[in-house]
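>>> Curious how this folds, go ahead:
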Amino acid sequence: MKRKLVPHVARLLCVLALSASMTTAALAADPSAPLQCYPTAVTRSEDGGEIRKMYDLGPEDDPAGIPRSDFEQDGCHYTLIDLLKQELPANESRQHTETVSVNSKSKDMGAVLALLPQTKEFITEDGLAGVLSLKLDTVNVEVAGYGTATKEVTTKRSYPNLAEQDTQYLPKTITENGRTLTLTDIQWQTDNTANLDGYAVADRYTAVATYSGSATSSYVKGYTVTADYAGTVSRIALNRVRYVAIFEGTPIQPTEPAETPATASAFRWSYVLIPIGIVAAAGAGVGGALLVKRKRENADEEETEE
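Presented below is the predicted three-dimensional model:
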């Protein structure tokens with residue numbers, strides 16, 4: 001009888017395991033959960049302490065799909081502190097000014113204006129669009145930076161009527177335009193000759209000396225041009241409602257690294273061990289019940305035989 005009991009228990013355990021796995025899959029994928037909504041615009045404060053996510057939802061959208069979970073970004077941990085609901089008007093418009101910046105190689109106004117179109121299309125962070133016009137009185141040109149350049153400077157000096165071709169008669173350095181130049185080359189020329197035993201012999205010379213040095217000058221690398229564009233931006237809201245999710249951020253404090261990764265491993269194994277434990281416990285209970293039932297049947301058979 002025991003041999004017949006084992007297959008029944010094995011089959012029961014398989015059924016329980018299959019049922020548990022189907023239940024887990026059903027819980028993991030809930031078809032009734034609302035579809036996740038995505039923001040149409042996101043703004044962040046300068047200090048990073050607040051992030052606002054704007055959702056423009058239509059009648060068919062469920063606001064329950066707006067994510068409310070904490071998240072981390074740029075070294076801060078953000079937590080939802082408020083969810084605002086705003087009714088959008090059918091037609092929303094306002095005045096808007098946008099400042100643009102471009103680089104220019106010249107400060108000439110003609111060249112600068114060639115870089116700035118008279119009108120530009122803009123879309124604001126919250127989704128309003130329009131064509132803005134250049135405000136000429138706001139055009140500003142500033143030097144973007146300076147560079148330095150070094151070049152070689154040379155000059156020549158003549159020293160005539162020298163008795164000998166000797167450099168001792170020549171200065172080794174000279175000063176010109178506030179710069180000190182050094183003697184780098186000499187060319188000798190004959191100024192006069194004397195007759196010596198029928199030969200013409202030079203007795204006067206001119207030295208043409210070359211002096212060299214370096215000169216450093218600064219130059220403008222380029223210019224930065226800024227200008228304002230102004231005009232009306234608008235949008236048409238077709239029966240939509242705006243939700244603004246406000247998240248407050250706090251800096252993430254550095255934490256000591258964990259000694260071992262056992263915690264993460266144990267957490268992952270729990271998803272496997274818990275269903276197995278449940279199935280095993282259920283199987284043990286059913287098996288015990290069947291054994292008790294079988295003993296009772298055997299006892300009844302013995303009493304009948306007696």
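>>> Show me the contact partners of stretch 156-170.
Identification of contacts with stretch 156-170 by Cβ atoms under 8 Å, 6 or more residues apart in numbering yields 174, 183, 186, 188, 191, 203-211. Placement of C-beta: from N, CA and C, glycine included.
>>> Can you check the distance spanned by it, start to finish?
The first and last residues of stretch 156-170 sit 12 Å apart, counting by Cα to Cα, to the nearest Å.
>>> Quick check: buried residues in it?
Counting neighbours by 16 or more other Cβ atoms under 10 Å, one finds that the buried residues in stretch 156-170 are residue 162.
>>> for stretch 232-241, same thing?
By 16+ other Cβ under 10 Å, the buried positions in stretch 232-241 come out as 233, 235, 237, 240, 241.
>>> same check, this time on stretch 218-233
Burial within stretch 218-233, assessed by neighbour count using 16+ other Cβ under 10 Å, is assigned to 223, 225, 227, 228, 229, 231, 233.
>>> same thing with stretch 177-192?
Neighbour count says stretch 177-192 has 181, 183 buried, by 16+ other Cβ under 10 Å.
>>> Repeat that for stretch 73-92.
Taking 16+ other Cβ under 10 Å as the neighbour-count basis, stretch 73-92 is seen to contain the buried residues 76, 78, 80, 88.
>>> check contacts around the third one.
Taking Cβ under 8 Å, 6+ apart as the criterion, residue 80 is in contact with 68, 69, 70, 245, 246, 247.
>>> So of the residues you listed, which two are at opposite extremes in space?
Largest separation among the contacts of residue 80 by Cβ to Cβ: 69 and 246, giving 14.3 Å.
>>> In terms of neighbours, single out the busier of those two.
With neighbours defined as other Cβ atoms under 10 Å, residue 69 and residue 246 compare such that residue 246 has more, 15 against 7.
>>> quick one on the thing from earlier: just give me the closest of the contacts of stretch 156-170 to residue 129.
Nearest to residue 129 among these is residue 211, at 67.6 Å by Cβ to Cβ.
>>> So what sits opposite the nearest residue to the closest one once chain neighbours are set aside in the bridge?
In this structure, residue 211 finds its nearest non-sequential neighbour in residue 181, 3.7 Å apart by Cβ to Cβ, 6 or more residues apart in numbering. The bridge-partner assignment for residue 181, based on DSSP bridges, gives residue 174.
>>> Give me the subset of the buried residues of stretch 218-233 lying in strands.
Those of those mapping onto strands are 223, 225, 227, 228, 229, 231, 233, per DSSP state E.
>>> So which residues of the stretch 51-200 of the chain form helices?
Along the stretch 51-200 of the chain, the segments classed as helices by DSSP state H, counting those that start in this stretch run 109-114.
>>> show me where pLDDT drops low in it?
Using pLDDT under 70 as the threshold, the predicted model of the stretch 51-200 of the chain has low-confidence ranges 89, 193-200.
>>> could you show me where the strands are in the stretch 51-200 of the chain, in order?
Using DSSP state E, counting those that start in this stretch, the strands of the stretch 51-200 of the chain run over 71-73, 76-87, 91-104, 119-123, 129-162, 173-176, 179-196, 199-236.
>>> any low-confidence regions in the stretch 201-306 of the chain?
Scanning the stretch 201-306 of the chain for pLDDT under 70 picks out 201-202, 237-238, 256-306.
>>> cutoff 90 now
When the per-residue scores of the stretch 201-306 of the chain are filtered using pLDDT under 90, the ranges that remain are 201-205, 215-219, 221, 235-242, 252-306.
>>> hang on, the earlier thing: buried ones among the contacts of stretch 156-170?
Buried among the contacts of stretch 156-170 (16+ other Cβ under 10 Å): 174, 183, 205, 207, 209, 211.
>>> ok, back up a step: turn the strands of the stretch 51-200 of the chain into JSON lines, including distance to residue 48.
As requested, the strands of the stretch 51-200 of the chain are arranged in JSON lines below (distance: least, Cβ to Cβ, whole Å):
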{"stretch": "strand 71-73", "distance to residue 48": "8"}
{"stretch": "strand 76-87", "distance to residue 48": "6"}
{"stretch": "strand 91-104", "distance to residue 48": "23"}
{"stretch": "strand 119-123", "distance to residue 48": "24"}
{"stretch": "strand 129-162", "distance to residue 48": "28"}
{"stretch": "strand 173-176", "distance to residue 48": "59"}
{"stretch": "strand 179-196", "distance to residue 48": "54"}
{"stretch": "strand 199-236", "distance to residue 48": "26"}
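>>> what's the span of stretch 228-248, first residue to last?
Taking Cα to Cα as the measure, stretch 228-248 stretches 33 Å from start to finish.
>>> picking up where we left off before, of the contacts of stretch 156-170, closest to residue 107?
residue 211 (36.9 Å).
>>> List the contacts of the closest one.
Remark: with contacts taken as Cβ under 8 Å, 6+ apart, residue 211 is in contact with 154, 155, 156, 157, 173, 174, 176, 181, 182, 183, 184.
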